[in-house]
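Peer 1: how would this look folded up:
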Amino acid sequence: MVPGVAGHLSGETRTPREIRDAVYLSTGDVGAKQSRFWLLLVISTVIATAGIISDSTATVIGAMIVAPLAIPIQGVGVAISAGEPRPLAQSSLMVVGAALVVVSLAALLALILPELKPLADNSQVTGRVSPTLVDLVAAAATGLAGAFAVARRDIADILPGVAIAISLVPPLAVVGVTAEAGDWSSALGALILFLTNVLAMIVVGVALYSGLGVLRPRQPDDTFRRRPVYAIIGVVGVLVVGALAASTYRTVQLEDWRSGATRVADAWARDNGDRLVQTRFQGDK
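Peer 2: Numbers count the residues shown, from 1 in each chain. Have a look, this model is predicted:
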């Protein structure tokens, strides 16, 4: 364990067995774990999609609290830290499978349910299709809090707040809703937001669990090599950060344009005895 950290966390850190049991869905009581996971995932997807279509922030927050998707993502971080290839593969497949289920179910619900508000004016959509580097910083901090909640006994009560802050199911639901509408640009933006959150959770999780030094392979596995895993994370990280940097530049550019347009429109409105209500961009217009 890292010097100084051991004493500070003494008596509070969970045992390796407890940490594994909390995040591995393919060990222990597998039937109960997975049935609970998939049931809650479907429920949270339905809630999130309904909240997005109706543009209801409260409903989407409810979906965040119910959503269990953070568990296998944290399982990836634990498996990398402990050097366990089998749980790493199982947790990774669980994340990918769950993401596909959420996107597919959201698209199906978007096809069935009536559109209550145009997607271009829907704040639940527009707020998730243009992620920026600020979202990466927020995701990293939230992921760190989530990893602490798994690793320590005394702060597990922060998990509902972490679930709200680290948005996982809503971006995937937006991917499904916008893809069903044929808005592939928005679907890509929401997918990048999801990948940003996942990447941040894994990286800070690996750093925390490795720093605490509480995880060791249950059985040494000479076939596990961390370097290729870190290389994959690094490549994905570069791609995600690059996409976020481009989106951040675009967001700042559009805000500058909007501010300029607002000044001109406001002056024109005052000269004509009117009041400017709102200025927004659709594409570059």
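
Peer 1: just the helices in the stretch 1-150 of the chain please.
Peer 2: For the stretch 1-150 of the chain, the helices defined by DSSP state H, counting those that start in this stretch occupy 5-9, 16-23, 30-53, 57-66, 70-82, 85-112, 123-126, 133-151.

Peer 1: Dump those helices into TSV; add mean pLDDT and mean neighbour count as well.
Peer 2: Heads up, the C-betas are built off the backbone N, CA and C, glycines and all. Rendered in TSV, the data for those read as follows (pLDDT from 0 to 100; neighbours: other CB atoms under 10 Å):
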stretch	mean pLDDT	mean neighbour count
helix 5-9	45	12
helix 16-23	84	18
helix 30-53	93	18
helix 57-66	90	18
helix 70-82	89	26
helix 85-112	94	18
helix 123-126	90	19
helix 133-151	85	20
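
Peer 1: Those helices into TSV, with extra columns for distance to residue 179?
Peer 2: As requested, the helices of the stretch 1-150 of the chain are arranged in TSV below (distance: least, CB to CB, whole Å):
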stretch	distance to residue 179
helix 5-9	44
helix 16-23	30
helix 30-53	12
helix 57-66	18
helix 70-82	22
helix 85-112	6
helix 123-126	12
helix 133-151	20
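
Peer 1: Provide a list of residues in contact with residue 205.
Peer 2: Listed by CB atoms under 8 Å, 6 or more residues apart in numbering, the contact partners of residue 205 are 73-74, 76-78, 81, 143, 146-147.

Peer 1: In JSON lines: these, plus distance to residue 177.
Peer 2: Output for the contacts of residue 205, formatted as JSON lines (distance: CB to CB, whole Å):
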{"residue": "73", "distance to residue 177": "22"}
{"residue": "74", "distance to residue 177": "27"}
{"residue": "76", "distance to residue 177": "26"}
{"residue": "77", "distance to residue 177": "29"}
{"residue": "78", "distance to residue 177": "32"}
{"residue": "81", "distance to residue 177": "35"}
{"residue": "143", "distance to residue 177": "25"}
{"residue": "146", "distance to residue 177": "26"}
{"residue": "147", "distance to residue 177": "30"}
